[in-house]
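**Student:** Build me a model:
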Amino acid sequence: MELTENEYWYWFVNISRVGRITRNRLLSIYKCPKNLFHADAKEIKSYKWLTEAQKNNIIIKDVDAVKKGYMYLKQKNIHFTHVNSPLYPDRLMNILDKPHVLYYKGMDINSTNNTVAI
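**Tutor:** Below you'll find the model as predicted:
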């Protein structure tokens, strides 16, 4: 079962024990969560800078749990956007340490009348 781009990002930012700095490093290698998701387990295990717990959490994937978690957001009317999405606010793109994803409720997050607080 294939994931959508948003579901790959949802999986990526919810990998247990993998924080922002490690996510940045993974993105510099794999360019997007989908590539990491489909990466060879042997390759992931070869990284000495990842802990064993991080390696295992990246390698072991529960597609049903990802889909269920993402569906829960939709059911609660919680919107989700990521840094590669055209919906990601332009004003945040210039922040050095910008969040990989944003969760929000309400109207379009990129509206000229809206402001995002991090």
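**Student:** Just the buried positions in the helix or strand bottoming out on mean pLDDT in the chain, please.
**Tutor:** Ranking every helix and strand in the chain by mean pLDDT, DSSP states H and E puts helix 90-93 at the bottom, with a mean of 86. Judged by neighbour count using 16 or more other CB atoms under 10 Å, the buried positions of helix 90-93 are Leu92. Every C-beta, even on glycine, is put in place using the N, C-alpha and C of the backbone.
**Student:** Restricting the selection to alpha carbons, write that helix to CSV.
**Tutor:** Listed next in CSV are the C-alpha coordinates belonging to helix 90-93 (Å, rounded to 0.1, in the frame of the first residue of the first chain):
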residue,chain,number,x,y,z
ASP,A,90,6.5,31.6,2.3
ARG,A,91,7.5,33.7,5.3
LEU,A,92,8.8,30.6,7.1
MET,A,93,10.9,29.4,4.2
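**Student:** looking just at contacts, which helices and strands does the following helix or strand past it meet?
**Tutor:** Scanning forward in sequence from helix 90-93 by DSSP states H and E, the next helix or strand is strand 101-104. When contacts are defined as 3 or more CB pairs under 8 Å, 6 or more residues apart in numbering; DSSP states H and E, strand 101-104 sits against helix 5-13, strand 79-82.
**Student:** and the least confident helix or strand of the chain, how far from the chain's centre?
**Tutor:** Distance, stretch centre to chain centre, for helix 90-93: 17 Å (CA atoms, centre = their mean, to the nearest Å).
**Student:** Out of the helices and strands packed on strand 101-104, flag the one nearest Ile59.
**Tutor:** Closest approach to Ile59 among those (CB to CB): helix 5-13, 12.4 Å.
**Student:** quick revisit: where among the helices and strands packed on strand 101-104 is average confidence lowest?
**Tutor:** Of all the helices and strands packed on strand 101-104, mean pLDDT reaches its minimum on strand 79-82 (a mean of 92).
**Student:** List the contacts of that one.
**Tutor:** For strand 79-82, the external contacting residues (CB atoms under 8 Å, 6 or more residues apart in numbering) are 5-6, 9-10, 13, 70, 73, 87-88, 100-106, 109.
**Student:** what inclination does the helix of greatest length in the chain have with respect to helix 5-13?
**Tutor:** Counting residues, the longest helix in the chain under DSSP state H turns out to be helix 63-75. With axes from the mean of the first three to the mean of the last three CA atoms, to 10 degrees applied, the angle from helix 63-75 to helix 5-13 works out at 110 degrees.
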